[in-house]
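Enquirer: Next input, structure requested:
(one chain, ligands or ions: 1)
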Amino acid sequence: MANFEELRVFSGNAHQTLARSICEYLGISVGEADVFKFANDNTFVQFKENVRQRDIFLVQPFSYPVNENIMELLIMIDAAKRASAGRITAVIPYFAYGRTDKKDQPRVPITARLIADLISTAGADRVLTIDLHAGQIQGFFDVPVDELTALPILARYIKDKALVDPVVVGVDLGAIKRARDLAQRLGVPLAIIEKRRVGNEDRTETLNVIGDVEGKIAIALDDEIDTGGSLLSTIETLERQGVTEVYACCTHGVLSGSAKEKLAHSTLKELIITDTLPLNNGAKSARITVLSVAPLLGEAIHRIHGGMSVGSMFQ
Ligand code: R5P
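Expert: Numbering: from 1, shown residues only. I've put the predicted structure just below:
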């Protein structure tokens, strides 16, 4: 018999709108908790309802301010543990630091591993996340990880657009697997951009396009768009190769700094993202479409709670 009872979902301050939408899907209210900072910058957490023996899901994507939101989640996990929660699942729709997943230069950290250790040390029993930068990051955790993918949501939206003569373009070699999956779902050809990151600054250099894109509508796919630099150089390269229009899609719209403005001034036809993160700097631009992952997360939470398969959601 499971050693936990009723399902409850709580939210940190990172993305309360998403937590509310997940709860709407589940037909429950968001759990009551105080999560705030004292004047001295110390974070305080208190669950305002009984969590003893409950199956607790803590929703907290690692959005800006990233380090604060990570710390807030850790403190929430600790509070839940000390309040005798039956099981604690950290729901992290966007796992930041995913790009720091290997020692690829001398004397650098593997921060993704460090964060994973902190989450299990704090007391999380499971992790639920969406489209990690690299699937292998699952192995950094000592607790079970359910990694969902938003690709079917993106694919459904793009399919409905009925674009004429499209090609899916993976924006770098790391995007190949996901791009192939999207191309298969849409039944369209695939091309790949050969990209190189220059130094530790957010600068990328596009080297080559592998595949036939001339005269086609490009659908550029990435796991995340951060500064928008990779996407802008992808657009330029694809236009040089004779594409007629460029659409872009990704799971995580990090859109840091002036990314939105830069993309608004580009020839990009439409940017399709999901709501794993709150939209940076408020108001959304007319060319950004945000698709919700709340039903996806809600269904996964329902299944995890009920001991049902999560993998079968994608078959
Ligand atoms: C990197 O490998 C990722 O998949 C994305 O391509 C990257 O995070 C995008 O960053 P930016 O928008 O800053 O170029």
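Enquirer: And the strands in the stretch 51-200 of the chain?
Expert: 55-59, 87-92, 126-130, 145-148, 166-170, 190-198 (DSSP state E, counting those that start in this stretch).
Enquirer: what's the closest of the ones you listed to the ligand?
Expert: In terms of CB to the nearest ligand atom, the element of the strands of the stretch 51-200 of the chain nearest to the ligand is strand 190-198, at 7.3 Å. Where you see a C-beta, it was placed from the backbone N, CA and C, and this is true even at glycine.
Enquirer: mean confidence for that closest one?
Expert: What strand 190-198 shows for mean pLDDT is 84.
Enquirer: returning to that earlier point: kindly report which one of the strands of the stretch 51-200 of the chain carries the lowest mean pLDDT.
Expert: If you rank those by mean pLDDT, strand 190-198 sits at the bottom with a mean of 84.
Enquirer: ok so, going back, just put the strands of the stretch 51-200 of the chain in CSV and tack on distance to Arg20.
Expert: Formatted as CSV, the strands of the stretch 51-200 of the chain follow (distance: least, CB to CB, whole Å):
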stretch, distance to Arg20
strand 55-59, 9
strand 87-92, 13
strand 126-130, 17
strand 145-148, 19
strand 166-170, 33
strand 190-198, 37
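Enquirer: Dump those to JSON lines, plus mean neighbour count.
Expert: Below are the strands of the stretch 51-200 of the chain laid out as JSON lines (neighbours: other CB atoms under 10 Å):
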{"stretch": "strand 55-59", "mean neighbour count": "27"}
{"stretch": "strand 87-92", "mean neighbour count": "26"}
{"stretch": "strand 126-130", "mean neighbour count": "22"}
{"stretch": "strand 145-148", "mean neighbour count": "20"}
{"stretch": "strand 166-170", "mean neighbour count": "26"}
{"stretch": "strand 190-198", "mean neighbour count": "17"}
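Enquirer: Could you point out which of those strands sits nearest Phe44?
Expert: When those are compared by CB to CB, strand 55-59 sits nearest Phe44, at 15.5 Å.
Enquirer: Which strands border that closest one, and is each parallel or antiparallel?
Expert: strand 7-11 (parallel), strand 87-92 (parallel) (DSSP bridges).
Enquirer: okay, the angle between that strand and strand 126-130?
Expert: 40 degrees (axes from the mean of the first three to the mean of the last three CA atoms, to 10 degrees).
Enquirer: residues in contact with strand 55-59?
Expert: 2, 4-12, 14-15, 18-19, 22, 31, 73, 76-77, 80, 85-91, 93, 124, 128, 297, 301, 305 (CB atoms under 8 Å, 6 or more residues apart in numbering).
Enquirer: try stretch 34-46
Expert: 11-13, 33, 48, 68, 71-72, 75-76, 78-79.
Enquirer: can you pick the most crowded of these?
Expert: Counting neighbours by other CB atoms under 10 Å, Met76 comes out on top of the contacts of stretch 34-46 with 27 neighbours.
Enquirer: returning to that earlier point: farthest pair in the contacts of stretch 34-46?
Expert: Across the contacts of stretch 34-46 (CB to CB), the longest gap, 21.4 Å, separates Lys48 and Glu68.
Enquirer: centre of the chain versus the one helix or strand Phe36 maps to, how much separation?
Expert: Of the helices and strands defined by DSSP states H and E, Phe36 is found in strand 33-37. In terms of CA atoms, centre = their mean, to the nearest Å, the centre of strand 33-37 is set 24 Å apart from its chain centre.
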